[in-house]
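Participant: What shape does this take:
(2 chains)
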Amino acid sequence: MAGEKHVETTGLLGWVDRRFPATATWKAHLSEYYAPKNFNFWYFFGSLALLVLVIQITTGIFLVMHYKPDAERAFQSVEYIMREVPGGWLIRYMHSTGASMFFVVVYMHMLRGLFYGSYRKPRELVWIFGVAIFLCLMGEAFFGYLLPWGQMSYWGAQVIVNLFSAIPFIGPDLAIFIRGDYVVSDATLNRFFAFHVIAIPLVLVGLVAAHLVALHEVGSNNPDGVEIKQGPKDRFGRPLDGVPFHPYYTVHDIVGVAGFLIVFAAIVFFGPEMGGYFLEYNNFIPADSLKTPPHIAPVWYFTPFYSMLRATTDDFTWVLSGAALLGAIALFFKGNFKGVWRVIVPVILVAVAVLLRVLDAKFWGVVAMGGTVVILFFLPWLDHSPVKSIRYRPDWHKVLYAIFMINFVVLGYVGTQPPSPALNLTSQIGTLYYLAFFLLMPVWSRLGTFKPVPDRVVFHAH
Amino acid sequence: MIKKLMVAAAMMLACTAAQAAEGGYPLDRAPDRSNDMAALQNGAKLFVNYCLNCHAASSMRYNKLHDIGLTDEQITKNLMFTGEKVGDLMTVAMQPKDAKKWFGTTPPDLSVIARAKSQTAGQPGTDYIYAYLRSFYRDTSRPTGWNNLVYPNVSMPHVLWERQGPRELTTVAMHEVEGKGGEPGWERTTTVYDAQGFATVKKEAVEHFHGSESFNATFKASNPALTAQYDNDAADLSAFLTWMAEPVAQFRKALGVWVLLFLGLFLVVAMRLNASYWKHVR
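Facilitator: Below is the predicted model:
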């Protein structure tokens, strides 16, 4: 037929392919997408994140069928789901466990990226989309946590929304605008529900698609940080160090899925509260705007950032201010900025140093909490190491990464505890390490003796 | 290297879990009766007779008691008094406004109280309820005439006291005080609450004491047999409240075993499938 596209497929698939790139998409993203053959344990977490997303969306749809976004009825409706909706308890526990496991999986996935330099050129956009997904996920978790309308839901939301009131000039009005009321109330619950079930999931799914398209455009990194596209190829132009994603990695990822589901099911069926960390016990008390709980702690996945917020006391802004001044001096005399930037960047830092002492420490706490997430966006340009993978970095780099991980866990622990002077000092040291790890990365990441990177990936056939 | 880091991280988490078990008055361990139908039924009987006048359990339907082995007939005949239907929720007639006037606070809904009273990385709510029910003492300084060691200055009177029998409480507290000449010293405060709730306080300075602050409490029952019987009731009642907080819990665990068995099998199949695909990759 005239004007029809020529395709190799026949029958129904041929009919579709002449009108829609079905086979072409399948090939580009699965059967002819060549992934390095040396993926290890850490490479399970990308597909697992996708699995958890599907679990959350599916269970979420069923929860919305029975949940009532109404301050009078929300708490009861959750118990209604737990007791009277057939299988409701399972759906609800899968959703609550899925929320925490999403963060477990995503933190592991990000750590993998950090280890193997997966954010380095040409994968900057893959990383940026990924950090945007992480931000969305935090928003999704925050909005969703209000919905059970327990004491922790309520007071957690109250504390976090109040943070916005620390922003100079517009803060108090902004906080009221977000809540839709002077305190967290029915209006807040309804808008959070809208964000949780519609707005953020839409953005999230779009970003996940962009993350995957960007990844498949540039190709996957691997534990050696070697570009397989630049390595030897066979006579069809396929990289010798790559295998088609389907079937090799699809069957491989099924193993990861099975392992993950075992952990997931063990939590859902034998300890859905996870000792009070996945489902906080205080949240089994209905929200009461007149009774402030003595200790308000966010859920575990927020606590590292919450710690850095609490660390930013008035005294601590002296330290941060001093650090900003030192940075300004160092950049002016030793920095690599060209032309006018050589002056502008230090001037900005001096301004920050002054503002750190002028504006309220509460505001800087909010900046610390937001900034420590936003800093991740800049990682591709902060890392100046000549090699991508941690495998070929100097040993002391590995120590820095190890301390970074331990530091993150300690910050997380401190964030779950009531404040005390010793814990506060711990969180301040932790905050400084976290900031220094990233902000000084342009300096330390190029120092030391790097090991030679092999031409091809290291792979042991099994 | 990475494996070592993982181990280090896991150990850190283990430490934090251990430390998180917080203080307060130490809670006794409640006996595990989560699967003992006779105990749960006795707990249900105590609950509707003693608790369900002021406390509602508004997420709980009477006929949910089928799960602990009671029939509709048994429920209507023995456990329902005010002409509700067996499918009704366990609500109370008392208005929150009146409750506030009478007790100074609204008695909490008890549907999920056992979960609400659990401690993060610590003891389950069952232990809390068990300890709470056994820690009432007469205290004339309180409006209701009752006080509680686990929940100091609680608004709730000891409604089950006739089942427990009169008791005398002796508390011994060691605390640091400013001694003679401004030097730090220690003081032992012994308080005896007699069975009528009148307190006798004795304070004495302790010299050469090397220890930390402490608080000990001992009860002396005037009818030990009755009090032992009450302890049994308290265990049944806390088991019932724990069951009521999550009636599906036993089924959940039973189903979980099958799910894990299936997933274990699935893992083996997945690994074999994976190995057969990858054996030609060099």
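Participant: wait, doesn't A:Ser307 sit right on A:Gly430?
Facilitator: Yes. The pair formed by A:Ser307 and A:Gly430 meets the contact definition of Cβ atoms under 8 Å, at 6.6 Å. Every residue, glycine included, has its C-beta placed from N, CA and C.
Participant: Helix, strand, or coil at the nearest residue to A:Gly225 once chain neighbours are set aside?
Facilitator: With Cβ to Cβ, 6 or more residues apart in numbering or on different chains as the criterion, A:Gly225 has its nearest non-adjacent residue at 2.9 Å, and that residue is A:Lys388. Per DSSP: H, G, I helix; E, B strand; the rest coil, the secondary structure class of A:Lys388 is coil.
Participant: any idea which helix or strand comes after the strand or helix carrying A:Leu202?
Facilitator: Secondary structure assignment for A:Leu202, by DSSP states H and E: helix A:200-218. As assigned by DSSP H and E, the chain's next helix or strand after helix A:200-218 is strand A:242-244.
Participant: what's the offset of that next one from the middle of its chain?
Facilitator: Average the C-alpha atoms of strand A:242-244, do the same for its chain, and the two points are 28 Å apart (Cα atoms, centre = their mean, to the nearest Å).
Participant: For that strand, which helices and strands make contact with it?
Facilitator: When contacts are defined as 3 or more Cβ pairs under 8 Å, 6 or more residues apart in numbering or on different chains; DSSP states H and E, strand A:242-244 packs onto strand A:34-36.
Participant: Going by proximity to chain A, name the top residue of the stretch 101-250 of chain B.
Facilitator: Taking Cβ to the nearest Cβ as the measure, the point where the stretch 101-250 of chain B comes nearest chain A is B:Thr120, at 3.4 Å.
Participant: pretty sure that residue is touching A:Asn283, no?
Facilitator: No. The pair B:Thr120 and A:Asn283 does not pass the contact test of Cβ under 8 Å, sitting 11.2 Å apart.
Participant: ok, these two, which is more surrounded?
Facilitator: Just comparing B:Thr120 and A:Asn283: by other Cβ atoms under 10 Å in any protein chain shown the higher neighbour count belongs to A:Asn283, 27 against 19.
Participant: Show me what secondary structure element comes after the helix or strand hosting A:Leu48.
Facilitator: Following DSSP H and E, one finds A:Leu48 within helix A:44-66. Beyond helix A:44-66 on the C-terminal side, the first helix or strand identified by DSSP H and E is helix A:74-83.
Participant: what about that following helix and chain B, touching?
Facilitator: Yes. Looking at helix A:74-83 against chain B by Cβ under 8 Å from any Cβ of the partner chain, the contacts come from A:Gln76, A:Glu79, A:Tyr80, A:Met82, A:Arg83.
Participant: in chain B, which segments are predicted with low confidence?
Facilitator: Counting by pLDDT under 70, the low-confidence segments of chain B come to B:1-24, B:180.
Participant: show me where it has strands.
Facilitator: Taking DSSP state E as the criterion, chain B contains strands spanning B:57-61, B:89-90, B:136-138, B:146-148, B:167-178, B:184-193, B:199-206, B:214-221.
Participant: how deep is the residue in chain B that chain A sits nearest to tucked in, by neighbour count?
Facilitator: When scored by Cβ to the nearest Cβ, chain B has B:Gly256 as its residue closest to chain A, at 2.5 Å. As a burial measure, B:Gly256 scores 17 neighbours (other Cβ under 10 Å).
Participant: Contacts only, for A:Ser118.
Facilitator: With contacts taken as Cβ atoms under 8 Å, 6 or more residues apart in numbering or on different chains, A:Ser118 has the following neighbours: A:Arg112, A:Val126, A:Trp127, A:Asn221, A:Lys388.
Participant: so which of the residues you listed is the most crowded?
Facilitator: With neighbours taken as other Cβ under 10 Å, the top of the contacts of A:Ser118 is A:Asn221, carrying 27 neighbours.
Participant: roughly how far apart are that residue and chain B?
Facilitator: Look at A:Asn221 and chain B: by Cβ to the nearest Cβ, to the nearest Å, they are 16 Å apart.
Participant: picking up where we left off before, minimum distance to A:Asn424: which of the strands of chain B has it?
Facilitator: strand B:167-178 (24.3 Å; Cβ to Cβ).
Participant: what packs against that closest one?
Facilitator: Taking 3+ Cβ pairs under 8 Å, 6+ apart as the contact cut, strand B:167-178 packs with strand B:136-138, strand B:184-193, strand B:214-221.
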